[in-house]
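Novice: prediction below, plus the sequence it came from.
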Amino acid sequence: MSQDTMDLLKVLAATLIVFAASTLVMLYTIYLFAQYGANLPMVGALPLTAPPELVPLLTESRVFSTLPAVHVTATGLALLVASTTIDMALLITAKAMTVIITSLIGFAGGHMIYLQINENTPLSATAIAPAVIALAGYFLLATVFSVPGLRRLGNLRFVVGLALVVLGPLLLVWL
């Protein structure tokens, strides 16, 4: 593995842990305020309820199938033209999306742990499966299938570019 990939994995692990722990702290703070701070003047005036069940709404959104499909198509188009600016923009976007999706998975994990501890809700990864699939796709686009990496194929990059342009809409249909 390259050093860039190792650094990305470290960032993803740290993001996952930080967001899961932060979610637990936030939810328990809300819980403690609701239990013990309701008669305080400032806290009692706030409507302190549990956060809405946003995990399925966020993770099962069609955004996670649309954005990778568009990114695959953009990668194919970028391979057909010669622009280091576009190459770096797509690489940065892919790395940023891996971190964003990892933070969403960390939030969902922290929320599921909170529900398991307080409400004995069974842990289930089905709600975050689309986000995990999108994370895997963006991780591949940020490492193995990055535009700078695919440019090393020489003239074969044009064939790969055309294939990716066709694969993008197909991913939208399949996912």
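Specialist: Good, I have the coordinates.
Novice: please count neighbours and contacts with C-alpha atoms only from this point.
Specialist: OK.
Novice: center of this structure - which residue?
Specialist: residue 101 (1.0 Å; C-alpha atoms, centre = their mean).
Novice: for that one, which non-adjacent residue is spatially closest?
Specialist: Closest residue to residue 101 apart from its sequence neighbours, by C-alpha to C-alpha, 6 or more residues apart in numbering: residue 135 at 6.1 Å.
Novice: residues contacting that neighbour?
Specialist: Neighbour list for residue 135: 97, 98, 101, 102 [criterion: C-alpha atoms under 8 Å, 6 or more residues apart in numbering].
Novice: check the offset of the strand or helix carrying the second one from the chain's centre.
Specialist: Secondary structure assigned from DSSP states H and E places residue 98 in helix 84-119. Shown here is helix 84-119, whose average C-alpha point lies 3 Å from the average C-alpha point of the whole chain (C-alpha atoms, centre = their mean, to the nearest Å).
Novice: show me how far the next helix or strand after that helix is from its chain's centre.
Specialist: Downstream of helix 84-119, the next assigned helix or strand under DSSP H and E is helix 129-142. Distance, stretch centre to chain centre, for helix 129-142: 7 Å (C-alpha atoms, centre = their mean).
Novice: elements contacting whichever strand or helix holds residue 72?
Specialist: Element membership for residue 72 (DSSP H and E) is helix 63-80. On a contact count with 3 or more C-alpha pairs under 8 Å, 6 or more residues apart in numbering; DSSP states H and E, helix 63-80 meets helix 84-119, helix 129-142, helix 147-151, helix 156-174.
Novice: hmm, 6 Å instead?
Specialist: In this structure, helix 63-80 makes packing contacts with helix 156-174, judged by 3 or more C-alpha pairs under 6 Å, 6 or more residues apart in numbering; DSSP states H and E.
Novice: run the angle between the helix it packs on and helix 63-80 for me.
Specialist: Helix 156-174 and helix 63-80 are oriented at 160 degrees to each other (axes from the mean of the first three to the mean of the last three C-alpha atoms, to 10 degrees).
Novice: buried stuff in helix 156-174?
Specialist: The neighbour-count check on helix 156-174 (16 or more other C-alpha atoms under 10 Å) flags 157, 158, 160, 161, 162, 164, 165, 167, 168, 171, 172 as buried.
Novice: including pLDDT and distance to residue 123, could these go into TSV?
Specialist: Shown next, in TSV, are these (pLDDT from 0 to 100; distance: C-alpha to C-alpha, whole Å):
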residue	pLDDT	distance to residue 123
157	87	43
158	91	45
160	89	40
161	90	41
162	91	42
164	88	36
165	90	38
167	88	34
168	86	33
171	80	29
172	77	29
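Novice: what average pLDDT does the helix holding residue 98 get?
Specialist: In this model, helix 84-119 has a mean pLDDT of 89.
Novice: and the angle for that helix with helix 63-80?
Specialist: 160 degrees.
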